[in-house]
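Engineer: generate a structure from the sequence data that follows.
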Amino acid sequence: MPLSSRPDAQVWLAIMAAVLTTALTAVSFWLSFEALHDLATDHRLKGERAWAWPATIDTFIAIGELLILRASLMRKVDWYAIALTTAGSIGSIVLNISSVGVSDDPLDYVVAAVPPVAALLAFGVLMRQVHDFLLSRQQSLTAPPVPSVLPVTPQEDVEQEVPQEAQKAAEVPEDEHDVTEEPEPVKEPEKTQEPPTQRERIDLVIRALYDTLGNRRPATRHMTDALEKAGLPSSEGTARESRKRVEAAEPHLKTLPSALAA
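Structural biologist: Prediction:
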């Protein structure tokens, strides 16, 4: 398969998956709404109120999933969003099953439970696809610029300059008197570069981990192990402070995916 056609195929597969997931989510929520509407109708709610009542249950799932997506993009864990999604999902499943009433056929309860479960799973898959898309866009916008290539002097030009200098030296008349060259002024010895401080050595070790882990953000375990091998202070606080300094100097490193600690 040609390399140029592979990205196109991946894009079309992603679009088809997104369309089918959206359709599955819509159908699942619709079936769940139907069951909850019938339950509300049986308990003194009529007309528009019977249709609005299911939204007080299933909307918790959508709100919770969106908050979980927001937290994952911020590289955080939102326990409130997880609790909200769990409460809405459990409530929807229980109420859908209870709408069946008393039945001798277990499949009646299975049929009632499938729509809310499918709605939860389909919506979770849809949020995962949105998460991957937004993360890829964020990484492409924050990627470091590609360094420009310095011009290289052709070898032929260097070879042509050497004969010209030799020719000028040959044109100097031989009868010229030697000119006494003035002694060159004594230059002060250049100061040797001071060795890096302990803080700079720690930052160099932490910065090297991003390349060692394949453009991934090192976890605390990675940093403490690397500092311990280098014979440097290896506490978790020292490692995290060094990572903050490195990412402040190179902000694009903060957007890299996190590496899993072994």
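Engineer: mark out where each domain of this protein begins and ends.
Structural biologist: 13-141, 198-255 (automatic domain parsing).
Engineer: below-threshold pLDDT in the stretch 151-262 of the chain: ranges please.
Structural biologist: Applying pLDDT under 70 to the stretch 151-262 of the chain flags the ranges 151-192, 261-262.
Engineer: recalculate using a threshold of 80.
Structural biologist: By pLDDT under 80, the low-scoring segments of the stretch 151-262 of the chain are 151-194, 259-262.
Engineer: can you add mean neighbour count and give the domains of the chain back as JSON lines?
Structural biologist: No exception for glycine: its C-beta is placed from N, CA and C like everyone else's. Shown next, in JSON lines, are those (neighbours: other Cβ atoms under 10 Å):
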{"stretch": "domain 13-141", "mean neighbour count": "16"}
{"stretch": "domain 198-255", "mean neighbour count": "16"}
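Engineer: list the contacts of the helix or strand encompassing A248.
Structural biologist: Applying DSSP states H and E as the criterion places A248 in helix 236-249. The contact list for helix 236-249, computed with Cβ atoms under 8 Å, 6 or more residues apart in numbering, reads 199, 202-203, 205-207, 210, 218, 220, 223-224, 227, 253-254.
Engineer: of those residues, closest to V110?
Structural biologist: T220 (45.6 Å; Cβ to Cβ).
Engineer: against A248, how distant is that closest one?
Structural biologist: 18 Å (Cβ to Cβ, to the nearest Å).
Engineer: cool, D78 as well?
Structural biologist: Applying Cβ to Cβ to D78 and A248 gives a distance of 25 Å.
Engineer: same thing with E48?
Structural biologist: According to Cβ to Cβ, E48 stands 55 Å off from A248.
Engineer: what does stretch 200-213 contact?
Structural biologist: Contacts of stretch 200-213 (Cβ under 8 Å, 6+ apart): 196, 216-218, 222-223, 226-227, 230, 232-233, 238-239, 242-243, 245-246, 250, 253, 256, 259.
Engineer: could I get the CA-only coordinates of stretch 70-80 as CSV?
Structural biologist: Taking C-alpha atoms only, stretch 70-80 is exported to CSV below (Å, rounded to 0.1, in the frame of the first residue of the first chain):
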residue,chain,number,x,y,z
ARG,A,70,-11.9,18.7,30.1
ALA,A,71,-10.0,17.3,33.0
SER,A,72,-8.0,14.8,30.8
LEU,A,73,-6.9,17.6,28.5
MET,A,74,-5.7,19.5,31.6
ARG,A,75,-3.9,16.3,32.7
LYS,A,76,-6.0,16.1,35.9
VAL,A,77,-8.5,13.8,37.5
ASP,A,78,-11.9,15.3,38.2
TRP,A,79,-13.5,13.0,40.8
TYR,A,80,-16.6,15.2,40.9
